[in-house]
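*Asks:* Sharing a model prediction with you, sequence too.
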Amino acid sequence: MSRTLECSATCAFGLEGVVARELEAIGVQGIRSENGSVTFQASAEELCQANLWLRTADRVWVVAGRFPAHSFEDLFSGVRGLPWPDLLPRQAAFPVEGMSHNSQLSSVPACQAVVKKAIVESLKARYPVERFPEDGPMFKVRVALVKDQATISLDSSGPGLHRRGYRKLTAEAPLRETLAAGLVLLSYYQPDRALYDPFCGSGTILIEAGWIALDRAPGLTRNFASEGWPWIGRSRWERARRQAESRHLRNRRLALLGSDADPRVLSLARYHVHAAGLGKVGVSLLRREVRDFAPDQEYAVMITNPPYGERQQDRPAARALAAELGRVTERLKTWSLYCLTSDSEFERAFGRKAIRKRKLYNGMLQCNYYQYPGPRPPQGFAAIPSVLPDEV
């Protein structure tokens, strides 16, 4: 299939602008941001690249069609009129999921059933069978009804794009990889600067920063649903992977430091750093309380996701940590500091008003990204390659 595809990259609320910039870097056209998604026009090759390279999107959908749907008859006829025989091979598996918002068709299960039936009827026009085996490539279908407008899409990604492949073990309330990448891309971090995370947990921010610095495609070693789509073709995917592999800067030295008071999550961080291929590029991890955080770097960047204290009884401890972080970073005049938290009292505890705040969502939890950008380093500045002796 050589025609231009209408696509949509879904994402967490607040990251739409970051996703749009990533798509601009890929070179797609017609980029338009909406709440929780970014639509764009792409070739089949660019669809592969979007899945491989988008760090902050959750999933990439191919839009099969849009039409008004005030009734089940409208929905059935609209879906049946789409070119399903050109999209789905005879053996395709095509489960249907759905959502409805401010629409007359409010029963999602009923809408899913109508869409499924309409697709089957469309396919029967080309394939003279009564039942389809659905034992072939996966084409997950989504029907989204918003204000009586139906959008029918195919999931080109398969498992969510946050599934990079390195996180085999999990800590309590892990930060999703896509959000961690967004925090880095919204910061002043550059590969020639040291990056610190004093609440590193299982290491997600450090790993995402490392992959960004090494120009390593986040989807390089995982699989995608559209690899099995005949009209995309494996040759396109193989070519996109070769191009991504050629960009990977494996030998670049970095200065990434993580610390945490919990030895259990630090062991997870070490495991994940190695699984992500970052064990020998300049990542250091220490068990350390935030009050003992005493780096000697200049023009470094701190990006962190401190404990939120979501439960009432945990808030005093979380705010005490924020206050401690404020005290130990007060003298770091050349640093750029970035903290993601849902605590609306963070600035009071930290001791400084943020220069910028950005509303982001960590799952369903509304947070603020408090930003304290410092001065840019002088020309020719380079971070010390190894920031601590116990490199991972």
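*Replies:* Great, that's in hand.
*Asks:* what's the closest non-adjacent residue to residue 143?
*Replies:* Closest residue in space to residue 143, ignoring its immediate chain neighbours: residue 98 at 4.3 Å, by CB to CB, 6 or more residues apart in numbering. For every residue, glycine as well, the C-beta is placed using N, CA and C.
*Asks:* burial measure for the one you found, as a count.
*Replies:* Neighbour count for residue 98, taken as other CB atoms under 10 Å: 21.
*Asks:* Any chance of the backbone angles for it?
*Replies:* Backbone torsions for residue 98, taken as degrees, to the nearest 10, come to phi -160, psi 170.
*Asks:* What of the one 5 residues further on?
*Replies:* When read as degrees, to the nearest 10, the backbone of residue 103 gives phi -130, psi 150.
*Asks:* ok, for it, nearest residue in space, not its chain neighbours?
*Replies:* Using CB to CB, 6+ apart, the nearest residue to residue 103 is residue 145, at 4.1 Å.
*Asks:* So what touches the helix or strand hosting the one you found?
*Replies:* Taking DSSP states H and E as the criterion, residue 145 maps to strand 141-146. Residues outside strand 141-146 that contact it (CB atoms under 8 Å, 6 or more residues apart in numbering): 61, 64, 69, 75, 79, 94-103, 105, 111-112, 115-116, 119, 150-155.
*Asks:* Pull that strand out as PDB, backbone CA atoms only.
*Replies:* Provided in PDB are the C-alpha atoms of strand 141-146 (Å, rounded to 0.1, in the frame of the first residue of the first chain):
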ATOM      1  CA  VAL A 141      -9.900  -2.300  15.800                       C
ATOM      2  CA  ARG A 142     -11.000   0.600  17.900                       C
ATOM      3  CA  VAL A 143     -14.300   2.400  17.600                       C
ATOM      4  CA  ALA A 144     -14.200   5.800  19.200                       C
ATOM      5  CA  LEU A 145     -17.500   7.800  19.500                       C
ATOM      6  CA  VAL A 146     -17.200  11.400  20.500                       C
END
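*Asks:* Strands of the stretch 151-300 of the chain, start to end?
*Replies:* Ranges of strands within the stretch 151-300 of the chain are 195-197, 256-260, 283-287, based on DSSP state E, counting those that start in this stretch.
*Asks:* got the angle for the last one vs strand 256-260?
*Replies:* The one in question is strand 283-287. In terms of direction (axes from the mean of the first three to the mean of the last three CA atoms, to 10 degrees), strand 283-287 departs from strand 256-260 by 20 degrees.
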